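In: predicted model and sequence below, questions to follow.
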Amino acid sequence: MRTRLLPLLLLAWTTPVFAHGITHGAGFMTGFNHPVLGFDHLLAMLSVGLLSTQLGGRAIWTVPLAFMAFMLVGGILGLYGVALPWVELGIALSVLLLGLAIALGRHIPLLLAMGFVGLFAIFHGHAHGAEMPALASPVLYALGFLTGTAVIHLLGVALGIIMQQLSHKLPLLRLSGGVIALVGGYLIVGA
């Protein structure tokens with residue numbers, strides 16, 4: 001029984017081989033995976049969701065949407081090869097400063113919060129656009145990284161709500177912001 005099951009399990013874990021490259025419909029999963037699998041992107045986008053929850057009200061949806069809109073602008077700039085200095089540093093700074101904003105727990109006016117995340121979103125989007133694979137469809141790739149970002153934002157909002165409900169004695173949301181800021185500081189040293 002084991003000798004029959006092992007080949008089936010191995011077959012299930014293999015990936016298909018394409019002889020001629022993927023040209024039709026390529027890009028969505030590659031775009032989706034870029035923010036999800038990039039640790040710095042993941043932390044920044046989770047932070048946007050956490051921050052929006054901390055601010056509450058309309059910020060829960062307007063702050064993440066502002067991030068996504070500016071990220072798309074940055075993605076288009078990166079796709080067309082428009083130079084943007086210090087992209088990696090901007091991404092690392094976004095993790096540090098978003099973490100600090102959460103850790104400090106101060107109420108930021110809505111428009112300022114939207115501008116704050118929008119500025120950093122341009123760096124994240126530029127990195128996504130500049131790293132688009134040559135055979136990928138730009139539209140599908142952009143839809144992929146926007147969808148991945150939206151999923152991470154929603155996860156951040158959900159985590160923020162859970163942390164706020166569990167914070168009877170311990171300010172979990174602010175503590176998580178402090179940890180994110182420390183990781184951002186580490187990323188800056190590496191950038």
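Out: On my side now, so go ahead.
In: worst-scoring helix or strand of this protein, pLDDT-wise?
Out: The helix or strand of the chain with the lowest confidence, counting by mean pLDDT, DSSP states H and E, is helix 2-12 at a mean of 45.
In: show the subsequent helix or strand relative to that helix.
Out: Sequence-wise, the next helix or strand downstream of helix 2-12 (DSSP states H and E) is helix 28-37.
In: got the buried residues for that next one?
Out: F28, T30, G31, F32, H34, P35, V36 (16 or more other Cβ atoms under 10 Å). Where C-beta positions appear, they are placed from N, C-alpha and C, glycine not excepted.
In: can you show me the CA trace of it as CSV?
Out: C-alpha atoms of helix 28-37 as CSV (Å, rounded to 0.1, in the frame of the first residue of the first chain):
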residue,chain,number,x,y,z
PHE,A,28,-2.3,37.3,-11.7
MET,A,29,-0.7,34.7,-9.3
THR,A,30,2.7,36.2,-9.7
GLY,A,31,1.3,39.7,-8.9
PHE,A,32,-0.8,38.2,-6.0
ASN,A,33,2.3,36.5,-4.5
HIS,A,34,4.5,39.5,-4.6
PRO,A,35,3.0,41.4,-1.6
VAL,A,36,2.0,38.1,0.1
LEU,A,37,5.4,36.5,0.0
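In: that one packs against which elements?
Out: helix 39-55, helix 110-130, helix 138-166 (3 or more Cβ pairs under 8 Å, 6 or more residues apart in numbering; DSSP states H and E).
In: repeat the analysis, applying 6 Å as the threshold.
Out: For helix 28-37, the elements it packs on are helix 138-166, judged by 3 or more Cβ pairs under 6 Å, 6 or more residues apart in numbering; DSSP states H and E.
In: what's the closest of the buried residues of helix 28-37 to V87?
Out: H34 (13.5 Å; Cβ to Cβ).
In: any idea how far the closest one is from F28?
Out: As judged by Cβ to Cβ, to the nearest Å, H34 and F28 stand 11 Å apart.
In: before we move on, what about G81?
Out: Counting by Cβ to Cβ - G81 and F28 are separated by 22 Å.
In: how about G190?
Out: Relative to F28, and taking Cβ to Cβ, G190 is found at 30 Å.
In: repeat for L42
Out: 18 Å.
In: kindly report the same for L182.
Out: In this view, L182 and F28 are 34 Å apart by Cβ to Cβ.
In: now do I152
Out: According to Cβ to Cβ, I152 stands 16 Å off from F28.
In: again with T62
Out: Counting by Cβ to Cβ, the gap from T62 to F28 is 26 Å.
In: swap in P109?
Out: 36 Å.
In: rewinding a little: let me know the closest of the buried residues of helix 28-37 to A66.
Out: Of the buried residues of helix 28-37, the one sitting nearest to A66 (Cβ to Cβ) turns out to be P35, at 16.0 Å.
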